[in-house]
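# Here is a sequence with its predicted model. Questions after.
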Amino acid sequence: MKMRYHRKVFFVCMCATICSIYIRILVLFTSVGTRNDANGDHRTDILDLSDTIQQAYLANQSGSTSIASTVNDSRDPYRFERYEPDTGSHVPVPIVITTYMRSGSSFLGEILQANPDTFYWFEPVHEMWGLHKANINHQYDFKDGTKRIFPSFLDIAVPTIKNLSTCDLDNVPMNVLREQFLEKSKQMREFVQCRGYKKKGHASNTRLIQCLPNLKTKCANSKYIVVKTIRINMKSLEIMLENIPTLKVIHLMRDPRGTSRSQQAVGQLSKQNYRQEIADFCKLVYEDVLQKELLEKKYPDRIRTVFYEDVARNPITYAKSLYAYLGMQFTANIEKTIHGFTLAGRSGSKTCGILCTQMANSTEEASNWRNQISMTLVKIVDTACFDLYNKIGYKSIPNVTLLRDRSFELRY
């Protein structure tokens, strides 16, 4: 009897426990749904766009075009809807330069900014990258009063670049408008002055919103929107190519040995783990090249590969070619501007720091690393980047004599 009694008690307790768990799950899902449906002025939305980007990529690979449907919250301005410009009005051409740290992108960006009709964004997600690296739960402020948390850096970076390249400045994080690198854009000098601070301090959201209308007008009236970034990969650009039909992408590459030497010179290679960092870098570039080949087949004539060495050796000639590809007019004044910051005898690093775009001689600057790099570092990079070399045509350097010999070409 006691055994039966204990069994009954045990059975009742188990049923009660299961019911309790079931009720808690129902309450949890109900509360999540209520929170997501809330429309308060200061809510915190957790958006999983990393899954969105991945799902969109897989959908595209299978032939599906339903990209926007993969976004969790269709009301959110960071959904990837197809950008349909008004054909009856002037619409700027969006251009994204994607590359890697110390690969010459500041120099290339300056060449495109030489066109007065260019609205230039210099590393607009730089601050957000630092914030997310320090705290993955950082809350980003938006103009509409919302604060949002993003599960990965690409979840906020890619939609932000999309909105910047289409002049949708009402829907970018306020951090973008505080970014100190805005000072590097000629078209943004008035906005930078309006917001009332330079490298130190923080402009209030109220002040930024007051200054925003003029910036939006300048953006919309420009002929070209150039966004230069080292913070996203080629794969993440597919969703932008799919949804912004006029977008063009420039994939800028540099000799990995020159990049590694430059990173070493500014302290971006650690002394303890530099071998692994170089291996990771080579793998990243190699994967970008593979992804770019896939995208070029799907979006012909919308991605252009540019080698920094080619631009630096003959900036005027290459600028004319690049301008023609982008549909930009190349004038005598533009040529004079480019000549001024590439061959005018200015001292680079002494006058404007490690992000300098003014070079005494861009041809010399592009190959200076060959006199500065050690043969040990060359061998490490050559080994790590072997597959990449075979893919894009760089040669290994067998000895220090050929390393220092500028007549020895490093690409086939």
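The structure has been received and is ready for your questions.

# mind listing what Phe281 touches?
100, 256, 259-260, 384 (Cβ atoms under 8 Å, 6 or more residues apart in numbering). In this view, the C-beta of every residue, glycine as well, is placed from N, C-alpha and C.

# Same question for Thr229.
Contacts of Thr229 by Cβ under 8 Å, 6+ apart are 96-99, 123-125, 157, 161.

# ok, which stretches of this protein are strands?
44-46, 93-98, 118-122, 140-141, 147-149, 224-229, 248-253, 303-307 (DSSP state E).

# so which of these comes closest to Lys271?
strand 248-253 (26.0 Å; Cβ to Cβ).

# Run me through the strand neighbours of that closest one, direction for each.
Its sheet considered, strand 248-253 pairs with strand 93-98 (parallel), strand 303-307 (parallel) by DSSP bridges.

# Could you measure from Asn371 over to Leu410?
14 Å (Cβ to Cβ, to the nearest Å).

# Equivalent analysis for Ser321, please.
Taken as Cβ to Cβ, the span from Ser321 to Leu410 is 21 Å.

# Could you do Thr317 as well?
Taking Cβ to Cβ, one finds Thr317 at 20 Å from Leu410.

# Mind checking which of those two has more residues around it?
Leu410 (19 against 11; other Cβ atoms under 10 Å).

# for the stretch 251-400 of the chain, which spans come out with low pLDDT?
Applying pLDDT under 70 to the stretch 251-400 of the chain picks out residues 343-361.

# mind listing the helices for it?
256-265, 274-298, 308-313, 315-326, 332-343, 348-352, 362-367, 369-372, 375-384, 386-392, 400-404 (DSSP state H, counting those that start in this stretch).

# would you turn those into JSON lines with distance to Phe153?
Shown next, in JSON lines, are these (distance: least, Cβ to Cβ, whole Å):
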{"stretch": "helix 256-265", "distance to Phe153": "20"}
{"stretch": "helix 274-298", "distance to Phe153": "14"}
{"stretch": "helix 308-313", "distance to Phe153": "25"}
{"stretch": "helix 315-326", "distance to Phe153": "28"}
{"stretch": "helix 332-343", "distance to Phe153": "31"}
{"stretch": "helix 348-352", "distance to Phe153": "28"}
{"stretch": "helix 362-367", "distance to Phe153": "30"}
{"stretch": "helix 369-372", "distance to Phe153": "29"}
{"stretch": "helix 375-384", "distance to Phe153": "24"}
{"stretch": "helix 386-392", "distance to Phe153": "24"}
{"stretch": "helix 400-404", "distance to Phe153": "36"}
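
# Determine which stretch of those helices is the most buried.
Of the helices of the stretch 251-400 of the chain, the one with the most neighbours on average (mean count of other Cβ atoms under 10 Å) is helix 256-265, at a mean of 22.

# Against which helices or strands is that one packed?
When contacts are defined as 3 or more Cβ pairs under 8 Å, 6 or more residues apart in numbering; DSSP states H and E, helix 256-265 packs onto helix 274-298, helix 369-372, helix 375-384.

# In stretch 209-223, which of the residues would be classed as buried?
Within stretch 209-223, the residues that count as buried by 16 or more other Cβ atoms under 10 Å are 211-212, 215, 218-220, 222-223.

# Restricted to helices, list these.
Among those, DSSP state H puts 211-212, 215, 218-220 in helices.

# For the residues you listed, please prepare a markdown table with the additional fields pLDDT and distance to Thr166.
Converted to a markdown table, those look like this (pLDDT from 0 to 100; distance: Cβ to Cβ, whole Å):
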| residue | pLDDT | distance to Thr166 |
| --- | --- | --- |
| Cys211 | 96 | 20 |
| Leu212 | 97 | 15 |
| Leu215 | 97 | 14 |
| Lys218 | 96 | 14 |
| Cys219 | 97 | 9 |
| Ala220 | 96 | 10 |
